[in-house]
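**Student:** no sequence for this one, just the structure:
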């Protein structure tokens, strides 16, 4: 009889133990996979942030060098010029900056020992030659002094429209480690050059350039260098750790950035949960088996209830209490099991809180990536800041976010979201803005959980804006604070989490870099506006003609580029110029100004025809620019009295004479200018009647594309002109320009210019 009871109880135990073991195994596997996925997404976010911070650093250095190199006084006083270069070095994690000629020979350097060296063999020199924006980044190397670093090269032009050569900055990796504008709360970040060599590793700074290439060792590094986001769960870190990480490309340099964390550390909460709950669960199972064998049939029911409770706990449900009021022999076991359930419930709650915290970190990291990309995607800082602050307010979960800048001993509010618009531009003293002063002074975040209790720093702050809690983070660039970024709660008191503090600090770092890039952009913009006034201005009145013009640049930097036009009075009539310089932006505009001035000077200085003028301009451009620079140019002389039009078109798009009777095309008669030292140019002649209009343009008109990539085309242009031959010059220019805007959706891939001329009788 007793043997049958024992068999039955053993069967009961097996019925409970086997499903319990399966449930536990599935539960642990699922929780493990969820945890690993979360860690991987965090690392992808940190990798994107690292890439963004590195690219912002390179862009900032490039802009500083470009602005410095364009100064015509730099070489005028070598001693002073060297001091200016040395001051610029101090602003970046760099060991030196040099200015070279076009052949790569050092003309001026921040350190005397660099003068006269030949840098033409540097990979960054060749990269800058090939890059349309004139910037190059080389793989890392170690100098003779043993200092690891890499060069940034920037092709520059001076204010006299002459190619000045290159600026080279050598980034000192030891300084980069201390000044890198991003920190991660756990794990590390790495920068990999195009050769797969480790350039920067914040956990082990000495690793850079002194050990094996990761690109040779790890396939996921090669995938990132090839332009793909590359997560990994089997990264054997050189110190022996098994790591979870991700690497992403750093556009557009062919480098990579990544972040990784020790898998044991990242999965520590999971393994602690397993180590805590597994022995308890096994003890319950074994105890149930022993009790089942030892107890008689009279307690079978109690054991069944106990087994049901154990199955509930094994399934992960720790909320249902176990009956502990039994008077039989199972009571003590039930009370022990209830204690285990309470411990497991408490630990589960702790794990849930940790998981929620990690989710918060992942969400804030994703927000940082998005906000950083938003600020980095445009140089119009004022245009982007409003949306960035609005999104930061939502993602952070606060009521307001804003920026105060330190200027001339006072605080000026640059922008804010969540507070009334009247507070933008507000000027505050140090006494009124004591919280910002503290963050500015210490260069550390200032956290105020309860503004009413902070009598020294927050009373005026709290009363004026109704603030209950705040975190104020300094904006720091190259070790100097210049403002603060603040996050405010007006509706409640708030205890800030570590994830929120990290988010605020990293956003402030990204914000500081974006602000500096915008400042450098502003300096370039001023130069561009000066060039614009020279390139696009035409005389108000020219005797005998009426004219209209339209211009649009493809660059966001300013309304200047490689396309230009000009009208000027000559003894023999009116000079008419339309040209297109290869390239875009300020660099092309500098050479454009050179060509425009050369045409005017040669045409005014002699009584020669268009062919002689273009021959001179070709020689000037050939002698003053790199070998890959060329231009198309249309130059004509129009006699307003007789209508005689003598012109030479050097590789320029076909112009047209338009009237109600149709159109006559003016094809190119000569080759492009600037590509070869000596060329022969041919001129042609037409008669422009009083009812006819001369229409000239650059190739941005016919190469304008719609969303499907279809060109506007020459045929479509001439059909449009033929349909509108009776319009005035201004009406023709407006009609063509509007058609181009409609076709391209307002987005230009190339500069475009239109010049329309008609005899006025």
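**Tutor:** Noted; the coordinates are in hand. Not measured: the values here are computed from a predicted model.
**Student:** And the helices in the stretch 551-700 of the chain?
**Tutor:** Under the criterion DSSP state H, counting those that start in this stretch, the stretch 551-700 of the chain carries helices at the ranges 585-605, 610-624.
**Student:** Quick one: distance of the first one to the chain centre.
**Tutor:** Here the centre of helix 585-605 is set off from its chain's centre by 34 Å, with Cα atoms, centre = their mean, to the nearest Å.
**Student:** list the buried ones in it?
**Tutor:** 585-600, 602-603 (16 or more other Cβ atoms under 10 Å). Where you see a C-beta, it was placed from the backbone N, CA and C, and this is true even at glycine.
**Student:** shaky segments in the stretch 151-300 of the chain?
**Tutor:** The model of the stretch 151-300 of the chain has pLDDT under 70 over residues 157-164, 181, 206-211, 238-239, 268-300.
**Student:** how about 90 then?
**Tutor:** 151-218, 221, 233-245, 250-254, 259-300 (pLDDT under 90).
**Student:** just the strands in it please.
**Tutor:** 163-172, 188-192, 198-201, 230-236, 242-250, 255-262 (DSSP state E, counting those that start in this stretch).
**Student:** highest average neighbour count across the ones you listed?
**Tutor:** Among the strands of the stretch 151-300 of the chain, strand 255-262 has the highest mean neighbour count (mean count of other Cβ atoms under 10 Å), at a mean of 27.
**Student:** Which other helices and strands does that strand contact?
**Tutor:** Counting contacts by 3 or more Cβ pairs under 8 Å, 6 or more residues apart in numbering; DSSP states H and E, strand 255-262 packs against helix 2-69, strand 188-192, helix 219-225, strand 242-250.
**Student:** out of the ones you listed, which comes closest to residue 754?
**Tutor:** Closest approach to residue 754 among the helices and strands packed on strand 255-262 is made by helix 2-69 (30.3 Å; Cβ to Cβ).
**Student:** now the strands: where do they sit in the stretch 651-761 of the chain?
**Tutor:** Under DSSP E, counting those that start in this stretch, the stretch 651-761 of the chain gives strands at 655-659, 662-666, 684-687, 693-697, 752-759.
**Student:** Ok, which of those strands comes nearest residue 619?
**Tutor:** Evaluated with Cβ to Cβ, the strands of the stretch 651-761 of the chain place strand 684-687 nearest to residue 619, the distance being 22.0 Å.
**Student:** What is the distance between that closest one and the centre of its chain?
**Tutor:** With Cα atoms, centre = their mean, you get 52 Å for strand 684-687.
**Student:** Quick check: buried residues in that strand?
**Tutor:** Buried residues in strand 684-687 (16+ other Cβ under 10 Å): 684, 686.
**Student:** Next, the residues that contact it from outside, please.
**Tutor:** Contacting residues not belonging to strand 684-687 are listed as 642-649, 657, 664, 666, 669 [Cβ atoms under 8 Å, 6 or more residues apart in numbering].
**Student:** For residue 564, state which of those residues is nearest.
**Tutor:** Of the contacts of strand 684-687, the one sitting nearest to residue 564 (Cβ to Cβ) turns out to be residue 649, at 15.3 Å.
**Student:** who's in contact with the nearest residue to that closest one once chain neighbours are set aside?
**Tutor:** Excluding the flanking residues, the one nearest residue 649 by Cβ to Cβ, 6 or more residues apart in numbering is residue 668, at 4.4 Å. By Cβ under 8 Å, 6+ apart, the contact set of residue 668 is 632, 649-654.
**Student:** repeat that for 6 Å
**Tutor:** Shown in contact with residue 668 (Cβ atoms under 6 Å, 6 or more residues apart in numbering): 649, 651-652.
**Student:** remind me which residues of the stretch 551-700 of the chain are low pLDDT?
**Tutor:** The low-confidence ranges in the stretch 551-700 of the chain, as defined by pLDDT under 90, are 551-564, 571-572, 581-594, 597, 605-609, 621-630, 668-669, 674-679.
**Student:** Tell me how many other residues crowd residue 571.
**Tutor:** 6 (other Cβ atoms under 10 Å).
**Student:** how about it, what does it touch?
**Tutor:** Going by Cβ under 6 Å, 6+ apart, residue 571 touches no other residue.
**Student:** any idea how far residue 731 is from it?
**Tutor:** 31 Å (Cβ to Cβ, to the nearest Å).
**Student:** now swap in residue 551 and tell me
**Tutor:** 17 Å.
**Student:** In terms of neighbours, single out the busier of the two.
**Tutor:** Neighbours were counted for residue 551 and for residue 731 using other Cβ under 10 Å; residue 551 has more, 21 against 13.
**Student:** start to end distance for stretch 549-567?
**Tutor:** 11 Å (Cα to Cα, to the nearest Å).
**Student:** coming back round to it: please convert the strands of the stretch 151-300 of the chain to CSV, extending it with distance to residue 617.
**Tutor:** Below are these laid out as CSV (distance: least, Cβ to Cβ, whole Å):
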stretch, distance to residue 617
strand 163-172, 17
strand 188-192, 46
strand 198-201, 45
strand 230-236, 51
strand 242-250, 41
strand 255-262, 41
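**Student:** Out of those strands, which is closest to residue 614?
**Tutor:** Nearest to residue 614, of those and by Cβ to Cβ, is strand 163-172 at 21.3 Å.
**Student:** quick one, that closest one and helix 610-624 angle?
**Tutor:** In terms of direction (axes from the mean of the first three to the mean of the last three Cα atoms, to 10 degrees), strand 163-172 departs from helix 610-624 by 20 degrees.
**Student:** what does strand 163-172 rub up against?
**Tutor:** Contacts of strand 163-172 (Cβ under 6 Å, 6+ apart): 61, 65, 69, 93-102, 119, 149-158, 625.
**Student:** Which of the strands of the stretch 651-761 of the chain sits closest to residue 240?
**Tutor:** strand 752-759 (60.1 Å).
**Student:** Please, where are all the strands along the stretch 301-450 of the chain?
**Tutor:** 400-407, 410-417, 427-428, 446-448.
**Student:** where's the last one relative to the chain centroid, distance-wise?
**Tutor:** Okay, so that is strand 446-448. Taking Cα atoms, centre = their mean, one finds the center of strand 446-448 at 30 Å from the center of the full chain.
**Student:** Ok, stretch 240-248 next?
**Tutor:** For stretch 240-248, the separation from the chain centroid amounts to 24 Å (computed by Cα atoms, centre = their mean).
**Student:** What lies in contact with that stretch?
**Tutor:** Under Cβ under 6 Å, 6+ apart, the answer for stretch 240-248 is 39-40, 43-44, 47-48, 51, 221, 224, 229-233, 235, 237, 256, 258, 260-263, 266.
**Student:** run the last query once more with 7 Å
**Tutor:** 36, 39-40, 43-44, 47-48, 51, 220-221, 224, 229-233, 235-237, 256-263, 266 (Cβ atoms under 7 Å, 6 or more residues apart in numbering).
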